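Trainee: Turn this into a structure:
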Amino acid sequence: MERSNSEERDQIDRPPIPHEDEAAPEPGTSSEAFQSDDWWRASAPESDWAQPVSNAAATEIGTADVYFCGRTSLFPLNLAIRAIGKENLTGLLRARWDQEPVDVLARDGEILFATTRDLDLYCPEAPPIVANVDPDVVTNARAQQKENGTPFLLTLARNESIERQPALDLIRHQGQLLFSQLWSAPNVWIMFEKNADLLGGFGDVTGDPDVDDWSLETLRLVQNPEQPGGFDPASIPAYTREGFDRVQKLKLTSDEAQFGSQFNGARSVQQIAKNLRLDLKSARQLLFRFVALEIVECWPGSTTAKPEAKGGMGRLFGRGR
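Mentor: Residues are numbered from 1 along each chain as shown. The predicted structure is shown next:
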């Protein structure tokens, strides 16, 4: 990860405030119509920024109140999720890739769930919770999801075909499993539409208040992480400007906390793995989570060691589990 990219992305702490009274852009208008102010224009070249992946996407945006949009090659998923929490956004985050779009519903800065209309992506095998439910009822609920995106498990819970709390827990997990596939997908196009009406039918669903913890849980589900620039065991992880403060607020596992405590701006990933008796595959998976959350940067092995972060590593374990 290059220093210049990291410093640009730090600007998410002050995302642009959209002009509510501006007319929505018409389909087919230039990408500049979706950029709220100079903050966006300074971040990326016009050729690849905020360009819809298809005419259908442009049609959808034409009548939407777009708060931000762009490709993950320039505007990472982490920043999009953090913006939802920081700005207490309500609406829909849509991610377009080479498969059916993934939709993340948010209310007042909390993530409700992630869903899709593609039933091959969302819980393709019937979970045990529906084993005793009439197959026709399940089929109808899945057909409804294919039509409007409402998780079929939520439909079954609402008509009392399955118990509500286990259903909500499974909806959360399946949504995170779905979203986890986006972390390694190349050049995903994302858009957040501010629209409270979209959430009108989900008042019975409780959100996740901490978006960083929600993102971390999705990252734990990534099986074969692909780090930008590839994985180099000789690289040196170092905390970003905000990273050391942010990591102390996360609900880390014991493995994650131990791994994060080794970052001092001098140790390589290979040395950290040796210290903790980890194989490189496990080290790669752990490192990917910290990098994707933009908590650490990886410097080339030849880079001069940076000063160790102040405050010591003892405070890192405050919220570990």
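
Trainee: Quickly note the distance from Lys194 to Tyr239.
Mentor: Noted for Lys194: a distance of 32 Å to Tyr239, by CB to CB, to the nearest Å. No exception for glycine: its C-beta is placed from N, CA and C like everyone else's.

Trainee: neighbour-wise, which of the two wins?
Mentor: Counted by other CB atoms under 10 Å, Lys194 and Tyr239 do not tie: Tyr239 has more neighbours, with 21 against 18.

Trainee: What backbone torsions are found at that one?
Mentor: phi -60, psi 140 (degrees, to the nearest 10).

Trainee: Just the strands from the stretch 51-200 of the chain, written as ranges.
Mentor: 66-71, 91-96, 102-107, 110-115, 189-194 (DSSP state E, counting those that start in this stretch).

Trainee: Columns distance to Val296 and mean pLDDT on top of the ones you listed, output as TSV?
Mentor: TSV is the format used below for the strands of the stretch 51-200 of the chain (distance: least, CB to CB, whole Å; pLDDT from 0 to 100):
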stretch	distance to Val296	mean pLDDT
strand 66-71	23	93
strand 91-96	24	96
strand 102-107	24	96
strand 110-115	23	96
strand 189-194	23	95
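
Trainee: how about these, which one is nearest Phe259?
Mentor: strand 110-115 (25.0 Å; CB to CB).

Trainee: Does the closest one pack against any helices or strands, and if so which?
Mentor: Helices and strands touching strand 110-115, by 3 or more CB pairs under 8 Å, 6 or more residues apart in numbering; DSSP states H and E, are helix 77-86, strand 102-107, helix 164-180, helix 211-219.

Trainee: The ones you listed into a markdown table, with extra columns for distance to Gly149?
Mentor: Listed next are the helices and strands packed on strand 110-115 as a markdown table, based on distance: least, CB to CB, whole Å:
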| stretch | distance to Gly149 |
| --- | --- |
| helix 77-86 | 18 |
| strand 102-107 | 6 |
| helix 164-180 | 11 |
| helix 211-219 | 18 |
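
Trainee: winner for burial among the ones you listed?
Mentor: strand 102-107 (a mean of 23; mean count of other CB atoms under 10 Å).

Trainee: Check which helices and strands that one is in contact with.
Mentor: In terms of contact count using 3+ CB pairs under 8 Å, 6+ apart, strand 102-107 is assigned the packing partners strand 91-96, strand 110-115, helix 164-180.

Trainee: start to end distance for stretch 231-240?
Mentor: 18 Å (CA to CA, to the nearest Å).

Trainee: Not counting it itself, show me its contacts.
Mentor: 6, 10, 247, 263-270, 272-273, 280, 283-284, 287, 290-291, 294-301, 303, 305-306, 309 (CB atoms under 8 Å, 6 or more residues apart in numbering).

Trainee: how about 6 Å then?
Mentor: Stretch 231-240 is contacted by residues 6, 263, 265, 268-270, 280, 284, 296-299, 301, 306, 309 when judged by CB atoms under 6 Å, 6 or more residues apart in numbering.

Trainee: Closest to Leu216 out of these?
Mentor: Using CB to CB, the contacts of stretch 231-240 come closest to Leu216 at Val296, 13.3 Å.

Trainee: Mind giving me the PyMOL select for the contacts of stretch 231-240, buried ones only?
Mentor: Listed next is the PyMOL selection for buried residues among the contacts of stretch 231-240, using 16 or more other CB atoms under 10 Å:
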select buried, resi 263+265+268+269+270+284+296+297+298+299+309
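
Trainee: ranges for the helices of this protein?
Mentor: 3-9, 38-41, 55-62, 77-86, 135-148, 152-158, 164-180, 211-219, 243-247, 254-260, 269-276, 280-292 (DSSP state H).

Trainee: C-alpha coordinates for the longest one, PDB please?
Mentor: It refers to helix 164-180. Listed in PDB are the C-alpha atoms of helix 164-180, where the atom choice follows Å, rounded to 0.1, in the frame of the first residue of the first chain:
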ATOM      1  CA  ARG A 164     -37.600 -15.100  15.300                       C
ATOM      2  CA  GLN A 165     -34.300 -14.700  17.200                       C
ATOM      3  CA  PRO A 166     -32.500 -17.600  15.600                       C
ATOM      4  CA  ALA A 167     -33.700 -16.400  12.200                       C
ATOM      5  CA  LEU A 168     -32.300 -12.900  12.800                       C
ATOM      6  CA  ASP A 169     -29.000 -14.300  13.900                       C
ATOM      7  CA  LEU A 170     -28.800 -16.400  10.700                       C
ATOM      8  CA  ILE A 171     -29.800 -13.400   8.600                       C
ATOM      9  CA  ARG A 172     -26.900 -11.400  10.100                       C
ATOM     10  CA  HIS A 173     -24.500 -14.300   9.500                       C
ATOM     11  CA  GLN A 174     -25.600 -14.900   5.900                       C
ATOM     12  CA  GLY A 175     -25.400 -11.200   5.100                       C
ATOM     13  CA  GLN A 176     -21.900 -11.000   6.400                       C
ATOM     14  CA  LEU A 177     -20.900 -14.200   4.500                       C
ATOM     15  CA  LEU A 178     -22.300 -12.600   1.400                       C
ATOM     16  CA  PHE A 179     -20.500  -9.300   1.900                       C
ATOM     17  CA  SER A 180     -17.200 -11.100   2.700                       C
END
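
Trainee: Alright, that wraps it up for me.
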